[in-house]
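K.L.:
Make a model of this:
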Amino acid sequence: MKELFGGIDLGVEKKKTSAICILEEKDKKVFPLESWCQKCEDIFGKEIFKKINLYLNEIKIIAIDSPLTKGRGKGRMRLFEKFFSRKIFKEAKINPVPPAFIPQVSNLSLKLRKKLEKRGFILDINLIETSSRLVDAFLNYSNLLGTTKVPCKTKNQKSAFLSALVAYLHSTFQTRYIGYKDGFLFLPKMSLWKKDWRKKFYLAWKERPRLKYRYLITNIFAK
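P.N.:
Numbering: from 1, shown residues only. I've put the predicted structure just below:
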């Protein structure tokens, strides 16, 4: 049986602001470019499960660019979102959007999570949350993909593709996590990042207020 990897960029139910991307593995790879996507399209949020359900028997891992949990503090922010709201990430405009800022999207995401869990997907195992904004900023495309551009027609499709790529990398143990019991975010391992963002992230982590982030854990620095 072939293995597929799903990526979802989630928008609101009644607008065509969501996208799915299905990557197919061939010869232990999802490359070259022309064989990347079996399916990639913009869709209405309310159609997400109906569309992804067609592939669930073959999908190994799904990565979603949308909150799959909620925090308990101000703005329902998870601990990793508080870390990524620090100046260096906000100035680059790559910090993940907290659940309270996108209530419709967040609520739809939690509904989708429940439906996928009923189909056997397990949070933080083969159902993971990612951030295409961070992946797009961090990832060294040329080293990983052999190109500096991705073949996506729309912004939503690009986010879905990057999420699907994270799902594939997760299957080959090339992702790392950051988070706490209120939620974990998965990103490509640091050796796949651009050198400048490796340094910037290291400094942000080193200079974080230790007391404020004492519960935040990560294996991003693991090789």
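
K.L.:
contacting residues for residue 138?
P.N.:
When contacts are counted by Cβ atoms under 8 Å, 6 or more residues apart in numbering, residue 138 touches 187-188, 192-194, 197, 201. For every residue, glycine as well, the C-beta is placed using N, CA and C.

K.L.:
repeat that with 6 Å
P.N.:
With contact set as Cβ atoms under 6 Å, 6 or more residues apart in numbering, residue 138 has these partners: 193, 197.

K.L.:
what's the pLDDT at it?
P.N.:
The model reports residue 138 with a pLDDT of 97.

K.L.:
What of the one 3 residues further on?
P.N.:
We note a pLDDT of 84 for residue 141 in this prediction.

K.L.:
before we move on, what about residue 151?
P.N.:
71.

K.L.:
likewise residue 145?
P.N.:
76.

K.L.:
Can you get me a residue count around it?
P.N.:
Neighbour count of residue 145, defined by other Cβ atoms under 10 Å: 18.

K.L.:
Over to residue 111?
P.N.:
Neighbour number of residue 111 under other Cβ under 10 Å is 14.

K.L.:
can you confirm it is in a helix?
P.N.:
Yes - counting by DSSP: H, G, I helix; E, B strand; the rest coil, residue 111 is located in a helix.

K.L.:
what about it, distance to residue 104?
P.N.:
From residue 111 across to residue 104, the span is 11 Å (Cβ to Cβ, to the nearest Å).

K.L.:
So which bits of stretch 204-223 are buried?
P.N.:
204-205, 213, 216, 218, 220 (16 or more other Cβ atoms under 10 Å).

K.L.:
May I see these arranged in JSON lines, with secondary structure and distance to residue 18 as well?
P.N.:
Converted to JSON lines, the buried residues of stretch 204-223 look like this (DSSP: H, G, I helix; E, B strand; the rest coil; distance: Cβ to Cβ, whole Å):
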{"residue": "204", "secondary structure": "helix", "distance to residue 18": "31"}
{"residue": "205", "secondary structure": "helix", "distance to residue 18": "32"}
{"residue": "213", "secondary structure": "coil", "distance to residue 18": "32"}
{"residue": "216", "secondary structure": "coil", "distance to residue 18": "29"}
{"residue": "218", "secondary structure": "strand", "distance to residue 18": "29"}
{"residue": "220", "secondary structure": "coil", "distance to residue 18": "28"}
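
K.L.:
among those residues, which two are most distant?
P.N.:
213 and 220 (13.5 Å; Cβ to Cβ).

K.L.:
What ranges does the chain have for its strands?
P.N.:
Secondary structure of the chain (DSSP state E): strands at 4-9, 18-24, 37-43, 59-65, 127-129, 175-180, 183-188, 217-218.

K.L.:
So what are the sheet partners of the lowest-mean-pLDDT helix or strand in the chain and their directions?
P.N.:
Ranked by mean pLDDT, DSSP states H and E, the weakest helix or strand in the chain is strand 37-43, scoring a mean of 76. Strand 37-43 sits in its sheet next to strand 18-24 (antiparallel), going by DSSP bridges.

K.L.:
For the strand it pairs with, give the mean pLDDT please.
P.N.:
Strand 18-24 carries an average pLDDT of 91.

K.L.:
can you give me how far that strand is from the chain middle?
P.N.:
12 Å (Cα atoms, centre = their mean, to the nearest Å).

K.L.:
And for stretch 119-135?
P.N.:
That offset, for stretch 119-135, works out to 6 Å (Cα atoms, centre = their mean).
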